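**Q** quick one, fold the following:
(one chain, ligands or ions: 2)
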Amino acid sequence: MERTFLAIKPDGVQRNLVGEIIRRFESKGFTLVGLKMMKVSRELAEQHYDVHKERPFFPGLVEFIISSPVVAMVWEGEGVVAAARKIIGSTNPLTAEPGTIRGDFGINVGRNLIHGSDAQETAQREIKLWFKDDELVSWEPNLTPWLRE
Ligand code: DAT
Ligand code: MG
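**A** Ligands and ions are numbered 1, 2, ... in the order given. Sure, this is the predicted structure:
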């Protein structure tokens, strides 16, 4: 089953949006298979954002991610990678659609509340980077027949 990596960034945690953000993925019908609150090391932040290391915003982005705790998660479900990106909204919260997390709660690209993997290969890489195998829980929700034909 498809999985994606999501992380509620320091602004989402500090603004008490952890419950609200998790609720959106739960209500949609996706399955939570990994969850931990953590202070991110500089090394992990740099590895996570490695594709952006030449960008001018990279140093500030790393400082932001390590500045305060984040909530790291793995969610499972059919099409979850692309669907989670839709639920999150586009990168700049100011222009993100209302109804998305970034569109509803943010105004600044450097404070866009949540990370979500952008493709299935990225998701696999990020899940491996952030979680040990034994931190992920495979389970079958009793709700499944009420969510899928
Ligand atoms: P996304 O998080 O939507 O996948 P991204 O991968 O292009 O966006 O960029 C990673 C993060 O870097 C993004 O969530 C916020 C930050 N960022 C991106 N573009 C930025 C910019 N022009 N100025 C400041 N921060 C930026
Ligand atoms: Mg990205």
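**Q** and the helix or strand of the chain with the lowest mean pLDDT, C-alpha only, in PDB?
**A** One helix or strand of the chain scores below all others by mean pLDDT, DSSP states H and E: helix 144-147, with a mean of 94. C-alpha atoms of helix 144-147 as PDB (Å, rounded to 0.1, in the frame of the first residue of the first chain):
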ATOM      1  CA  THR A 144     -11.900  -0.100   5.800                       C
ATOM      2  CA  PRO A 145     -15.100  -1.600   4.400                       C
ATOM      3  CA  TRP A 146     -16.800   1.800   5.100                       C
ATOM      4  CA  LEU A 147     -14.200   3.700   3.100                       C
END
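**Q** what's in contact with that helix?
**A** 29, 141 (Cβ atoms under 8 Å, 6 or more residues apart in numbering). Yep, even glycine has a C-beta here, placed from its N, CA and C like the rest.
**Q** rerun at 6 Å
**A** For helix 144-147, contacts defined as Cβ atoms under 6 Å, 6 or more residues apart in numbering pick out Gly29.
**Q** around ligand 1, pick out the residues from this protein.
**A** Within reach of ligand 1 by Cβ under 6 Å from any ligand atom, the chain has these residues: 52, 57, 61, 91, 109-110, 112, 115, 118.
**Q** ok, now with 8 Å
**A** 9, 49, 51-52, 55-57, 60-61, 85, 88, 90-92, 109-110, 112, 115-116, 118 (Cβ under 8 Å from any ligand atom).
**Q** all strands for this structure, in order.
**A** 3-8, 31-38, 70-76, 114-116 (DSSP state E).
**Q** what angle do the third one and strand 3-8 make?
**A** Going back to what we said before, that points to strand 70-76. If you take axes from the mean of the first three to the mean of the last three Cα atoms, to 10 degrees, strand 70-76 sits at 160 degrees to strand 3-8.
**Q** how far off centre is strand 70-76?
**A** 6 Å (Cα atoms, centre = their mean, to the nearest Å).
**Q** same check on the last one?
**A** Relative to the chain's own centre, strand 114-116 is displaced by 3 Å; criterion: Cα atoms, centre = their mean.
**Q** what does it rub up against?
**A** 6-8, 12, 84-85, 88, 101.
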